[in-house]
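Q: Sequence first, predicted coordinates after that:
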Amino acid sequence: MNQQDVTLQWLLGDIAPELADLRVRNVVRDSRHVQPGDLFVAISGTQTDGHEHVCEAVTRGAVAVVASKTTDAVSVPQIIVPCSMTAFARLTMKLYAGGTPPLCIAGITGTNGKTTSTWILRSILRSAGFQTGLLGTIHHSDGVVSQPSTMTTPSPEELAVRMRSMLDAGTTHCVMEVSSHALAQNRCVGLRLSAAAITNVTQDHFDYHGTVEAYRNAKVKISELLHTDAPLLLNLNDPGCRYLLHHFSLQMPVTYGVDNPDAELSARILNQTHRSQRIQLKLAQGDAQVRLRLIGRHNVENALVAAGMAEQLGVPLKRIVSGLESIGSIPGRLERIDEGQSFQLLVDYAHTPDALSRCIDTVTDFAPGRVICVFGAGGNRDASKRPLMAKAAMKADVAIVTSDNPRSENPVDIIRQIVAGFDRNMQYEIRMDREEAIARAIDLAEPGDVVLIAGKGHETTQEIGTHTFPFDDREAARSLIHRKLTASGRHQTLAPRESTFADRTTTSAWHLASDSARRRRWPRSVPATCGALMTVDEVTPVRECGIRHVQHTQLMKPKTGRSMFRTAIQFRRNGFRFQNSTRQAGCFRYSGLSIFEWVSVARPFQAVLMSWRHGKAVQLSKSWLTPHSSNVPANSFVPGDSTVSKRWSRSSSKSRQPIRRESLRMNSLYRNVLSSERRTLFG
C-alpha cells in the first residue's frame, strides 16, 4: 500500500483543472476493500462487473471513480476511459513503482516451455553478473527473496508491488512468464519489455479464450509491450508460431529452431543420455557447444530461446554457455525421483496434449523397458483437450488415468471424457484417487521401466470441490517407493560376487540402494583370476548412455589384474545404435562392442567386435548372438540360420510385451575371435 497520498494529476497526467489537486490514498478495484480517500476503478470481469458496485465504493469513501462507462446517481467525479483494466494497470504501476520501472525485463509467452525458458534465462543473466528477478508459475523472486506464486503472471497491483520490491533490492534484470490470460486482460501494460519470445502456440485455455483465433491474438499482444526496436523471438519449428509470423506489423521477429536451417538462430543435438545432452548452438555471436543437464528435444528449444534472448540483451557468448551449463533440474519439470529403486520415476507439469506427448517421446528415447504414464485433466478448464490427452498418452506402454485438480467438476465425468480418446487396443487403467494411481504405477514398474507422473509437477496441493488439500506428486512417489523397497527388502546393499567364464555366473555390480553406486557410470571391475574372461550383467540401465541391459566383457591384465579390454553396446526402440569409445585412464582401455541382454525383437542380435589399433577402429568380425534357453541349444546356431529367426519371432511376436530377460551366450565364432584378440593384446 502506498504510504503517501498523491494527486490525480500526478497519477493521470492531463486531467480537468478542478480535479488536478484531488488527493488519492490508494487505487482499488474491489469495492469491498475501498477505504476513505481511495480511487476506485470499475472493471468488467468474467465473474462480475465492477460498474455494478460503483455506488458501494462511493459509500465506503472513494473520492473518484475510473470506469469505461458512466454510472448514474454518483456524486464523486467519474473519469471515463476506453479500457478500465488498462487504466488500472498503469495507475497501480505509477503508484507503486513510480511509472514504468527502470528494469531490463524479458517476457516469455507460449503454451508450453515458459517456466523452463525463464529459469534458463535467469541462470544465464546471473552468470553474466546481473541480479535477476523472476515472476512465474513456480515462484516469484525479487532477486533476493523468493515466494511461492499462485498465478503465472501476477495481477496488476501485485505486479506493481513486485517491481517496487525488485527496485528496492537493487535488482537490474527481470525475467517473467506472460500468460495468455494476462495478455488478454492487459495486466502488463504498465511494463516495457527489453526482449520477448513466443515458444509455441498449441491447444490450451480454450475455456477462457473460446476459439483458437482469440488464443493466438492474445499471444500476439506481447509485441505491444516491447520497447521500440526491442527483439521478439519466434519458434520456427512450431506450426502455431509460423502462423503468427506475418501478424506482427511493428517489427520482424527473430526466428529460432532446432535442426532448422531456415531459422536465424538454431541448435542441434550432438548426443544425449537420460541425464544430459550435448548440443551445438548457432547464435549471432558464433557457434558453441554446451552440455545441457536437461533432457529432451523440447528443452533444447527452451535453451535456444533463452540463449537467443540473452544474446539480444547483450550477454557475451562465454557467459551464455556458462549459464546454460550451470542450470540443473527445475522443480516439477521432468524432475527425477531417485530413492534407490530399479526403475526410473519422473514428475512433470505436462498438462496439455502437446506437453504430454513431448514428455513421453523424451523418456521413450532412453527407457530400457516400458513407459508407464500417470495423468489426468484439470476440472473447470478446457474440456476439449481431454480426449487429446489420452491420444498423447497412447505413446506410453501403460496409461493410468486419475484425477488432477477436479475442482468443482465430477472427477468421474472428467475421466470419462479422457478415456474416450483411447483406441481400443490401448492398455490403460483408471484409478480415481491420485495417490492410489501413483502406487499402482510403482507396483507395475519393473527394472528398466520408466514411470512418468504428469499434470501437477511442482504443485503441493490438490483442488477437490471447494477445498484445497496438501498433495505433492514427488513426496507421494518417494513415500510409495520406500514402502515398496522396504517390503521387498531391497534397501540392503547387494555385494558383488566372483564370476568365471566356465559357469557364466553374472555379477550385479550396480548396488541398487547405494548412493555412491548410483552415481557410477560403469560397474567397478570385479576381482578375478588374471587373464580370465568374465561377464558383468547390469540389473539397471547405465545412466549416462541410456542403454538397456548390457553385459561388459573384460580381459584382465596378468599380474596387475586391470582391465585391458571392455566392450559395450546399446539398443534403442528405433533400432540398433552402437556406441564405442576409447579412453585412457592409467592402464585402463575401453573399446569396441559386445553382447547385451534384451528381448522383444524379431531377429537375432548382431554384434560387431571392434579393436583400436594405432588410433583407428578396425572391425574384426561380425557375430550372431542367440538367446540361450532350455529348449534351444546356444551353440547349435550359425549366422543366417532361418530356424533362429523363426523361433525368435514366435517368442516375441508382440512388440510391447514386458521385458523378458534371458542370458545371451556367445557362440563359438565369437569366442574364437575374442580369444584371438586376447592373444594379440597379451602377446
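A: Cool, got the structure.
Q: Per-residue pLDDT of Glu18, please?
A: Predicted confidence (pLDDT) for Glu18: 79.
Q: So it lies in a helix, does it not?
A: Yes - under the criterion used here (DSSP: H, G, I helix; E, B strand; the rest coil), Glu18 sits inside a helix.
Q: what's the spacing between it and Leu8?
A: Distance from Glu18 to Leu8, counting by Cβ to Cβ, to the nearest Å: 10 Å. C-beta here means a position set from N, CA and C on the backbone, and glycine is covered the same way.
Q: Neighbour count: those two, which is higher?
A: Leu8 (22 against 8; other Cβ atoms under 10 Å).
Q: correct me, but the more buried one touches Val27?
A: No - judged on Cβ atoms under 8 Å, Leu8 makes no contact with Val27 at a distance of 10.7 Å.
Q: what do the two both touch?
A: Leu39 (Cβ atoms under 8 Å, 6 or more residues apart in numbering).
Q: mind checking the SS state of the residue nearest to Gly369 when sequence neighbours are not counted?
A: Distances taken as Cβ to Cβ, 6 or more residues apart in numbering place Gly448 nearest to Gly369, at 3.5 Å, with adjacent residues excluded. Following three-state DSSP, the label given to Gly448 is coil.
Q: got it, and the one 4 residues further on?
A: On the three-state scheme (three-state DSSP), Leu452 is labelled strand.
Q: how much space between it and Gln280?
A: 28 Å.
Q: now Pro17
A: Counting by Cβ to Cβ - Pro17 and Gln280 are separated by 64 Å.
Q: Now for Thr172: which residues touch it?
A: Leu103, Cys104, Phe130, Gln131, Thr132.
Q: Kindly report the same for Pro156.
A: Met85, Phe88, Ala89, Thr92, Met93, Arg187, Cys188, Gly190.
Q: Name the nearest residue to His298, ignoring sequence neighbours.
A: Closest to His298 by Cβ to Cβ, 6+ apart is Arg358, at 4.5 Å.
Q: Count the residues that sit near the one you found.
A: Count around Arg358 with other Cβ under 10 Å applied: 23.
Q: Report the secondary structure state of it.
A: Arg358 ends up helix, using three-state DSSP.
Q: shouldn't it be in contact with Val300?
A: No - between Arg358 and Val300 there is no contact under Cβ under 8 Å: 11.2 Å.
Q: which residues touch the residue nearest to Glu311 when sequence neighbours are not counted?
A: Nearest non-adjacent residue to Glu311, counting by Cβ to Cβ, 6+ apart: Leu283, 5.4 Å away. Leu283 sits next to Leu265, Ala307, Gly308, Glu311, Leu317, Ile320 when contact means Cβ under 8 Å, 6+ apart.
Q: Let's see that with 10 Å instead.
A: 256, 264-267, 304, 307-308, 310-312, 317, 320 (Cβ atoms under 10 Å, 6 or more residues apart in numbering).
Q: quick revisit: cross the contacts of Pro156 against helices and list the overlap.
A: Met85, Phe88, Ala89, Thr92, Met93 (DSSP state H).
Q: who does the residue lying closest to the second one once chain neighbours are set aside bridge with?
A: In other words, Phe88. Nearest residue to Phe88 in three dimensions, chain neighbours excluded: Val41, at 4.3 Å (Cβ to Cβ, 6+ apart). For Val41, the beta-bridge partners under DSSP bridges are Val66.
Q: what do you get for Ile453?
A: Val347, Val374.
Q: isn't it right up against Val363?
A: No - if you go by Cβ atoms under 10 Å, Ile453 and Val363 don't touch, sitting 11.3 Å apart.
Q: Overlap of the contact sets of those two?
A: Leu346, Asp348, Ile372, Cys373.
Q: any idea whether the third one is helix, strand or coil?
A: The three-state label given to Ile372 by three-state DSSP is strand.
Q: State the pLDDT value of the residue nearest to His298.
A: 96.
Q: One more: Leu480?
A: For Leu480, the predicted pLDDT is 96.
Q: Which positions within the host helix or strand of it qualify as buried?
A: Using DSSP states H and E, the element containing Leu480 is helix 473-488. By neighbour count, and taking 16 or more other Cβ atoms under 10 Å as the criterion, the buried residues in helix 473-488 are Asp473, Arg474, Ala476, Ala477, Leu480, Ile481, Lys484, Leu485.
Q: any idea how far the second one lies from Leu11?
A: Remark: distance between Arg474 and Leu11 (Cβ to Cβ) = 46 Å.
Q: Repeat that for the last one.
A: Using Cβ to Cβ, one obtains 62 Å as the distance from Leu485 to Leu11.
Q: right, and the pair among the ones in helices among the contacts of Pro156 with maximum separation?
A: Met85 and Met93 (12.7 Å; Cβ to Cβ).
Q: More neighbours: these two, which one.
A: Met93 (25 against 21).
Q: Give me the common contacts of Met85 and Met93.
A: By Cβ under 10 Å, 6+ apart, the residues touching both Met85 and Met93 are Pro156, Val189.
Q: Could you pull out the helices in the stretch 151-300 of the chain for me?
A: Taking DSSP state H, counting those that start in this stretch as the criterion, the stretch 151-300 of the chain contains helices spanning 156-169, 180-184, 206-209, 212-220, 239-244, 297-312.
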